[in-house]
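S.K.: whatever this is, show me its structure:
(one chain, ligands or ions: 1)
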Amino acid sequence: MSNIPTPHIGCNDKEMIADTVLMPGDPLRAKYIADNYLEDVVQFNAVRGALGYTGVYNGRKISVMASGMGMPSIGIYAYELFKFFDVKTIIRIGSCGGYLPELKLYDIILVDKCYTDSNYAVVFNNDYDDYAYPTESVVEALETSANELGIKYEKCCIHSSDLFYHLEKSYLDDVKARGCKAVEMESFALFTIAKALNKSAACLLTVSDSLCYSEEMTPEERETKFTEMIEIALNTKL
Ligand code: HPA
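M.R.: Numbering: from 1, shown residues only. Take a look at the predicted model:
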């Protein structure tokens, strides 16, 4: 019996999905990348609006699919892509909130370590390590790509949180003491699943808001400023 299509990815041909999948949180950003950067595009998923496309960039087959928000959501898609569609590498391209004043809006972060206060990995595979790591070779390839394009980035540790809204802020001292410079909600699950299934993963983030400053990106800025991060990911040779 075939495992595909899966409950959340309505595609019945593995060949429709490339070895490498770029994964923004937002389905419309996945569509934006397909529409503006890829040639010969086919759509392979629309289940629950988690749009997924495969196309060609600079002669290389590549897919882009939305993860939705939070570890439970990216966990479902990453697991199904790795396990049932034979995807080898997932590169998350997301947004984050800056914890420190030196991180400005639009700065690009390449995650080299990620801390969580979630119990995702404990429940997933009894892994009590509260740090997770991207795949070194993919991080190196992303660095090479960014350097080729002359785009600056900060390589650092981030916090993968289960919460966007908090009524209680005392957790902030702890995550900052652990070296987390920014916060998002997906990387820890992605890295944990990739490691458990012997696959590869990495994460690029653009600072979209700051816990130190009151300004946030406008919708227009979000579109243009994510461009550099998208280009680093697309130009990566794995
Ligand atoms: N918190 C959590 N996730 C995020 C944030 C944030 O402030 N900004 C972008 N993703």
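S.K.: excluding chain neighbours, what is closest to residue 143?
M.R.: Closest residue to residue 143 apart from its sequence neighbours, by C-beta to C-beta, 6 or more residues apart in numbering: residue 110 at 6.8 Å. For glycine as for every other residue, the C-beta is placed from the backbone atoms N, C-alpha and C.
S.K.: name the residues of the helix or strand containing that neighbour that are buried.
M.R.: Applying DSSP states H and E as the criterion places residue 110 in strand 108-116. Of the residues in strand 108-116, 108-116 count as buried by neighbour count, 16 or more other C-beta atoms under 10 Å.
S.K.: quick revisit: OK, contacts around the residue nearest to residue 143?
M.R.: Residues in contact with residue 110, defined by C-beta atoms under 8 Å, 6 or more residues apart in numbering, are 139, 142-143, 146, 153-156, 202-204.
S.K.: ok so, going back, what's the helix or strand following the strand holding residue 110 in contact with?
M.R.: Once the chain leaves strand 108-116, the next helix or strand it forms, by DSSP H and E, is helix 120-125. Applying C-beta under 8 Å, 6+ apart, the contact partners of helix 120-125 are 71, 75, 127-130, 132, 188-189, 192-193, 196.
S.K.: ditto for stretch 76-87
M.R.: Applying C-beta under 8 Å, 6+ apart, the contact partners of stretch 76-87 are 3-4, 6-9, 11, 14, 17-21, 23, 50, 63, 65-68, 90, 189-190, 193-194, 197, 199, 201.
S.K.: could you rerun that using 7 Å?
M.R.: The set of residues external to stretch 76-87 that reach it, using C-beta atoms under 7 Å, 6 or more residues apart in numbering, is 3-4, 6, 8-9, 14, 17, 19, 21, 50, 65, 67, 90, 190, 193-194, 197, 199.
S.K.: show the buried residues in those.
M.R.: Neighbour counting by 16+ other C-beta under 10 Å classes 4, 6, 8-9, 17, 21, 50, 65, 67, 90, 190, 193-194, 199 among the contacts of stretch 76-87 as buried.
S.K.: so what pLDDT did residue 217 get?
M.R.: pLDDT recorded at residue 217 is 79.
S.K.: verify the contact between it and residue 107 for me.
M.R.: No - Residue 217 sits out of contact with residue 107 when judged by C-beta atoms under 7 Å, with a separation of 11.6 Å.
S.K.: looking at this, residue 151 is in a strand?
M.R.: No - Residue 151 is assigned coil when assessed by DSSP: H, G, I helix; E, B strand; the rest coil, not a strand.
S.K.: hmm, back to that, format the buried ones among the contacts of stretch 76-87 as TSV; extra columns: distance to the ligand and pLDDT.
M.R.: Formatted as TSV, those follow (distance: C-beta to the nearest ligand atom, whole Å; pLDDT from 0 to 100):
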residue	distance to the ligand	pLDDT
4	31	95
6	26	97
8	22	98
9	24	98
17	26	98
21	20	98
50	18	98
65	18	98
67	12	98
90	18	99
190	14	98
193	19	98
194	20	98
199	24	98
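S.K.: give me the longest helix you can find in the protein.
M.R.: In terms of residue count, the longest helix belonging to the chain (DSSP state H) is helix 219-234.
S.K.: got the CA positions of it in CSV?
M.R.: Below are the C-alpha coordinates for helix 219-234, written out as CSV (Å, rounded to 0.1, in the frame of the first residue of the first chain):
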residue,chain,number,x,y,z
PRO,A,219,3.5,44.5,4.4
GLU,A,220,5.5,46.0,1.5
GLU,A,221,8.8,45.8,3.4
ARG,A,222,8.0,42.2,4.2
GLU,A,223,7.7,41.4,0.5
THR,A,224,10.9,43.2,-0.6
LYS,A,225,13.0,42.5,2.4
PHE,A,226,12.5,38.8,2.4
THR,A,227,13.9,38.8,-1.1
GLU,A,228,17.6,38.6,0.0
MET,A,229,16.8,35.6,2.2
ILE,A,230,14.9,33.9,-0.6
GLU,A,231,17.8,34.5,-3.0
ILE,A,232,20.4,33.1,-0.6
ALA,A,233,18.3,29.9,-0.2
LEU,A,234,17.6,29.6,-4.0
